[in-house]
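> heads up, no residue letters with this:
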């Protein structure tokens, strides 16, 4: 999964918060199919979604969105996935 941001400041803030929480992340360029104001995105394992969502909400991190990698490229994560904090089994 991928978190995209509208500002570099928010991306770097999220990076610090995720790493402090012990979440394994990778910083990568924002894929071209995602329209965002920041060229940096954070990739993270699917199983970290509940922690990612919790941190974003608690710390009020401003994000463009959470995206799921598909055969057609990156697609926005459905609202119910974000509300549940996990992908459907």
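That came in fine, so what should we check first? Note that the coordinates shown come from a computational prediction; the quantities given were computed from them, not determined experimentally.

> Now the element after the longest helix anywhere in the chain, going C-ward?
Counting residues, the longest helix found in the chain (DSSP state H) is helix 8-20. With elements assigned by DSSP states H and E, the helix or strand that comes after helix 8-20 is strand 26-29.

> Just checking, which helix or strand succeeds that next one along the chain?
Following strand 26-29 in sequence, per DSSP H and E, is strand 40-43.

> Report the mean per-residue pLDDT for that next one.
Averaged over strand 40-43, pLDDT sits at 96.

> So what are the sheet partners of that strand and their directions?
Applying DSSP bridges, strand 40-43 is found paired with strand 2-4 (antiparallel), strand 26-29 (antiparallel).

> Identify whichever of those lies nearest to residue 59.
Evaluated with Cβ to Cβ, those place strand 2-4 nearest to residue 59, the distance being 12.7 Å. The way it works is simple: take the backbone N, C-alpha and C, and place the C-beta from them, glycine included.

> nearest spatial neighbour of residue 38, skipping sequence neighbours?
The shortest distance from residue 38 to any residue other than its chain neighbours is 4.3 Å, reached at residue 5 (Cβ to Cβ, 6 or more residues apart in numbering).

> got it, and residue 69?
Residue 69 sits nearest to residue 2 (Cβ to Cβ, 6+ apart), 7.0 Å away.

> which residues sit in contact with the one you found?
Residue 2 makes contacts with 28, 31, 34, 41-44, 66-69, 74, as judged by Cβ atoms under 8 Å, 6 or more residues apart in numbering.

> hey, which strand is longest across this protein?
Assignment by DSSP state E gives strand 65-70 as the longest strand of the chain.

> State the mean pLDDT of that one.
93.

> Near residue 74, how many other residues are there?
Number of residues near residue 74 (other Cβ atoms under 10 Å) recorded here: 20.
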